[in-house]
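Asks: Dropping a prediction and its sequence here:
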2 protein chains.
Amino acid sequence: MDNKSFTKHISHRFNEELEEIVNRVMAMGGLVEQQLADALSALIEGDDERGEKVLGTDVEVNALEVALDEDCVHVLARRQPAASDLRLVLAVIKTITDLERIGDEAERIGRMAMHLAEIGRGSEVMTEFEHLGNHVRFMLRGALDAFARMDAEHAVLVAKSDIQADRQYEIIMRGLVERMKESPAEVPRMMDFIWAARALERIGDRACNICEYVIYFVKGKDVRHISVEQMEERVGVKSEVTE
Amino acid sequence: MDNKSFTKHISHRFNEELEEIVNRVMAMGGLVEQQLADALSALIEGDDERGEKVLGTDVEVNALEVALDEDCVHVLARRQPAASDLRLVLAVIKTITDLERIGDEAERIGRMAMHLAEIGRGSEVMTEFEHLGNHVRFMLRGALDAFARMDAEHAVLVAKSDIQADRQYEIIMRGLVERMKESPAEVPRMMDFIWAARALERIGDRACNICEYVIYFVKGKDVRHISVEQMEERVGVKSEVTE
């Protein structure tokens, strides 16, 4: 079983420094989840205040990334970890890069939402955006859960669900392109939606990256650049996608 | 002076393994540069063969990333490097991630170019694309040169030039949006150009990331999330941007 309690795992094998690092990754993940939630509220409900809030959180997320990165370097230099301890530190270094970039994408969505509020938000493709937004939030939450528990099976499940995000993204894109063809005056406004959709799709991809690092930590196997089927084979599971 | 010969540097302080890793990063960088050059040829000159070539190279680049990552883990586990040796390994781990993603963006441009060849390429904004493309190639080459020589001053110069890439990108975007408004039937075709321009802009950003890792290696200072002026201050240079 991969999904043993991570807390138990680290209390036996990792020192307090590592435990502290993992806790801070989870705190950073929580902040980024909130950024994404705020950005989606700003976009879908036109909640300006939350749009501004997402821009303000960015500084905090960036500072956490830099501080965590430094902590990882200190652990590597002082403790010279090997085997799974080393893999954990490397998984953290990569995870925080993706978390910070997810924050950047959320910021982008927040900025688009505020621009749309200025020029008139409209109600186009909002249902589709809500679907994609919820799915991507579910993926980010799933990736962070998989990270917290170092659960490779759950990580595969989340990575596998990216196909739905890609499908929803394609639907939104087709809708937006059609609308631009029909109402050329709407092109600048539709472009904001296009960048927001693209940002959501990228967040899904980055949640997948985090899942790959979890699998790398648990299984010691690099599962980048392979299909989901190959990933399942390497992890030794056959998971079902649930929506 | 930071720009001492990197070969000299490693022959004194690093073992053969590290030297081999750095050589392979440069080989990977060369491949990715070629991908970008091919993608731009496919887009600007409509050279289909080179479009296909860029797609084919992706497998090789991915494999190099995974292999290099493994090599870095082995070095960390076996040699337990400290100080600048450790910083070098970490700079390599991060650089290859960005190089691989630059390859992905080049692939995206190649795919757009092939799609445009199918639906009729047209000659819009080609001059602007050529400018942006050349500038981004110059940035990638500059970042790799800075990496090869571990030259922090050159890294700042390259990072600083991203402002021109952003400006050229904005000009292209404005042109494409105007064209879509004027000729709505052209929207799907213009979208290909929009994704290609976005990919180029992202490649510029990633070249900047590589520059930041070089500065981190040389100066031991994290220069992410700060302005170019702050970066110059931390590196201790005042560089001029040349085009």
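Replies: Yep, that arrived. Just so we're clear, the structure is a prediction, and the values are computed from it rather than from any experiment.
Asks: Can you tell me which residue is spatially central in chain A?
Replies: Centroid-nearest residue in chain A: residue A:207, 3.6 Å away (criterion: C-alpha atoms, centre = their mean).
Asks: could you check whether the helix or strand hosting it is close to chain B?
Replies: Secondary structure assignment for residue A:207, by DSSP states H and E: helix A:187-219. Yes. Using C-beta under 8 Å from any C-beta of the partner chain, helix A:187-219 comes into contact with chain B via A:187-188, A:191, A:194, A:198. Where you see a C-beta, it was placed from the backbone N, CA and C, and this is true even at glycine.
Asks: Tabulate the residues you listed (CSV), appending neighbour count, distance to residue A:97 and pLDDT.
Replies: CSV is the format used below for the residues of helix A:187-219 next to chain B (neighbours: other C-beta atoms under 10 Å in any protein chain shown; distance: C-beta to C-beta, whole Å; pLDDT from 0 to 100):
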residue, neighbour count, distance to residue A:97, pLDDT
A:187, 23, 34, 94
A:188, 16, 32, 91
A:191, 19, 28, 94
A:194, 21, 25, 96
A:198, 20, 19, 97
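Asks: avg pLDDT for the biggest helix by length in chain A?
Replies: Ranked by residue count and defined by DSSP state H, the top helix of chain A is helix A:83-119. For helix A:83-119, the mean pLDDT works out to 93.
Asks: Then stretch A:166-176?
Replies: For stretch A:166-176, mean pLDDT rounds to 96.
Asks: Show me what that stretch is in contact with.
Replies: The contact list for stretch A:166-176, computed with C-beta atoms under 8 Å, 6 or more residues apart in numbering or on different chains, reads A:124-125, A:128-129, A:131-132, A:135, A:190, A:193-194, A:197-198, A:200-201, A:204.
Asks: one step back: kindly export the helix or strand following the longest helix of chain A (C-alpha atoms) in CSV.
Replies: Once helix A:83-119 ends, the next helix or strand along the chain (criterion: DSSP H and E) is helix A:126-149. Extracted in CSV, the C-alpha atoms of helix A:126-149 (Å, rounded to 0.1, in the frame of the first residue of the first chain):
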residue,chain,number,x,y,z
MET,A,126,-20.0,30.8,-18.0
THR,A,127,-21.5,27.3,-17.5
GLU,A,128,-18.7,25.8,-19.4
PHE,A,129,-16.1,27.8,-17.4
GLU,A,130,-17.7,26.7,-14.2
HIS,A,131,-17.4,23.1,-15.3
LEU,A,132,-13.7,23.5,-16.3
GLY,A,133,-12.9,25.6,-13.2
ASN,A,134,-14.5,23.0,-10.8
HIS,A,135,-12.7,20.2,-12.6
VAL,A,136,-9.3,21.9,-12.4
ARG,A,137,-9.9,22.8,-8.7
PHE,A,138,-10.7,19.1,-8.1
MET,A,139,-7.5,18.2,-9.9
LEU,A,140,-5.4,20.6,-7.8
ARG,A,141,-7.0,19.4,-4.6
GLY,A,142,-6.5,15.8,-5.6
ALA,A,143,-2.8,16.4,-6.5
LEU,A,144,-2.3,18.1,-3.1
ASP,A,145,-4.1,15.2,-1.3
ALA,A,146,-1.9,12.7,-3.1
PHE,A,147,1.1,14.7,-2.1
ALA,A,148,0.1,15.0,1.6
ARG,A,149,-0.4,11.2,1.8
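Asks: Next secondary structure after helix A:126-149?
Replies: Proceeding N to C from helix A:126-149, the next assigned helix or strand is helix A:152-160, under DSSP H and E.
Asks: so that following helix versus helix A:187-219, what angle?
Replies: Put simply, helix A:152-160 runs at 160 degrees to helix A:187-219, going by axes from the mean of the first three to the mean of the last three C-alpha atoms, to 10 degrees.
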